[in-house]
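Colleague: Got a predicted structure here, sequence first:
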Amino acid sequence: MDGRTHYRFAGRWLLNALVLTALGAVSTTARGQDKGLEVRAARYYRANGGQTVVQAFCRVPLSSVSPLGSSASARGAFRFNLTVRDSSGLTLTTQSWNEQVPGALLSVRGAAMGEPARFRIAPGRYTVEATVTDSATGLVTRGRTVVDAFHGPVGASDLLLGTGLRGSTGPADTVPRSGEIWNGALFILTAGTPTLTPQSAALSYYLELYPARAESVSVAARVVDQGGTQIIAAQPQMLAVAAGGGVAYGTLDLTGLPSGSYRLEISAKEDSTVVRSAPFMMGTLGQEASVQSTEGLATDDRFSQATEAGLDSLYMPLVYLMTAQESGEYSGLTVDGKRRWLQAFWAKRNPTPGGAQNSFMDQFYARVQEANHRFREGGATGASGWHTDRGRIFILFGPPDEHLERRSAGNTNPYEIWKYTRDRALKYVFMDLTRFGNYSLIYTNDIHEQSRVNWEDLLGTDGVQDVNDF
């Protein structure tokens, strides 16, 4: 969280029955009303500029997605679109991309996928609209919510809920796994309103605190039912929060809570008390988790479970890693041959040869997935995130150590500067040459990449100065 100190508040309560767990989620404003597509948003205040950072989540029910074929294993696909409009109806941003759904997941009762998006807004009221267009039938499912940006300093952010929480293990651990988002030094597994099932009883939470000065804050958690009746409460714990702000977060074991709808409520007491709450669901014994992930699968399992289309999608980003000899081997192989080729490719690059897990492979595919979410491009290119210039650099080197964005720079097109300082002193400048969100690499001091000969003309005097000073 932008230079703020991170604090941990965790609790564990055991009940004497059964029930719950599963997948991801979130908090705040309103729930999508259109045919099951749920849209929620969590808001964080940034004093620098008085802006509100919005983390939006759309829970896409896979009942709205049909298989692209008649076979039992036929996959599904859909087009996701998210639009943010201000109170006058002016469109501020539009993000869209294509998603594929494994055939096995289409038959799972209650299955859903989470689609996250992040953006900044000035004080005011905004409408966030999401649509899912089924590739097989053309059926459109809609959802929307209204987000009110903070009009000034507040005591705390909205409460973000999920079903998994982990801290970064170090400077190199910056890539979210499947279904996670990254807030500061924390990774949170989120996908909509959490629905817990008996296979796991973990409910995680994240709350940013914004005291006016350094404070010792009393933080407490409790679960209430729909009528507001307290079901579970914990003894408050004290947190020392710096003047710049802090974070209360933790994971609750709610094993045994009966099925139904609840809210988790977190209160932070300083001179006054700030209370934030968010909904979650307790599922039944037969209910399945919402999202499927290949994270944590052994190398052989990852490829043995994939269809040919899935194998091809795992192969394509490897263009950034493969040797000249390897680049001509894959396309003419049978399905089993492709599986063996991918297994052999990654076996040669396993940091722990012979081990079931390959941390390098896991990190690579996690970065591919994150690049697909962050850097999808629209307009005429329609490029997948991994196939863009920003996606390529992100996959190879991870997120930059320093990042400068110029979205409005006079007559100059929007641009971004990425700087890496960990073990390399390199800069990359990407510019939206089309003004449709399609960013191209125009300058770098990386000898393995190519700059445009007219990059200084494209940036202008102020932009060149940004590059020199950054």
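Modeller: Nice, I can see it. Residues are numbered from 1 along each chain as shown.
Colleague: what pairs with the residue nearest the centre of the chain across the strands?
Modeller: In the chain, the residue lying closest to the centroid (C-alpha atoms, centre = their mean) is Ile181, at 3.7 Å. Ile181 forms beta bridges with Ile188, as assigned by DSSP bridges.
Colleague: Verify the stated contact: it with Thr190.
Modeller: Yes. In this structure Ile181 lies within contact range of Thr190 using C-beta atoms under 8 Å: 5.8 Å. To be clear about C-beta, it is placed using only N, CA and C from the backbone, and glycine gets the same treatment.
Colleague: Spit out the residues that contact these two alike.
Modeller: Pro116 (C-beta atoms under 8 Å, 6 or more residues apart in numbering).
Colleague: For the residue nearest to the centre of the chain, report the pLDDT, please.
Modeller: On the pLDDT scale, Ile181 is placed at 81.
Colleague: Would you quantify the distance from it to Thr251?
Modeller: From Ile181 over to Thr251 the distance is 16 Å, taken as C-beta to C-beta, to the nearest Å.
Colleague: Repeat that for Glu180.
Modeller: The gap separating Glu180 from Thr251 is 14 Å, by C-beta to C-beta.
Colleague: Which neighbours do these two have in common?
Modeller: Gly164.
Colleague: Have a look at these two and say which one is more surrounded.
Modeller: When Glu180 and Thr251 are compared for neighbours, Glu180 comes out ahead with 25 against 19, by other C-beta atoms under 10 Å.
Colleague: and the residue lying closest to Asn350 once chain neighbours are set aside, what is it in contact with?
Modeller: Nearest residue to Asn350 in three dimensions, chain neighbours excluded: Asn358, at 4.5 Å (C-beta to C-beta, 6 or more residues apart in numbering). Listed by C-beta under 8 Å, 6+ apart, the contact partners of Asn358 are Thr299, Trp346, Ala347, Arg349, Asn350, Pro351, Thr352.
Colleague: ranking those by neighbours, who comes first?
Modeller: Using other C-beta under 10 Å as the neighbour test, the contacts of Asn358 are led by Trp346, with 22 neighbours.
Colleague: Report the rounded mean pLDDT for the host helix or strand of that one.
Modeller: Counting by DSSP states H and E, the element that carries Trp346 is helix 335-347. Helix 335-347 shows a mean pLDDT of 88 in the predicted model.
Colleague: counting contacts, what elements does it pack onto?
Modeller: Using 3 or more C-beta pairs under 8 Å, 6 or more residues apart in numbering; DSSP states H and E as the contact criterion, the neighbours of helix 335-347 among helices and strands are helix 299-304, helix 308-315.
Colleague: Present those helices as JSON lines; the columns should include distance to Ile232 and mean pLDDT.
Modeller: Supplementary listing: the helices and strands packed on helix 335-347 in JSON lines, determined by distance: least, C-beta to C-beta, whole Å; pLDDT from 0 to 100:
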{"stretch": "helix 299-304", "distance to Ile232": "37", "mean pLDDT": "66"}
{"stretch": "helix 308-315", "distance to Ile232": "42", "mean pLDDT": "84"}
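Colleague: quick one, which of the ones you listed is nearest to Met113?
Modeller: Distances from Met113 to each of the helices and strands packed on helix 335-347 were compared using C-beta to C-beta; the shortest belongs to helix 308-315, at 15.5 Å.
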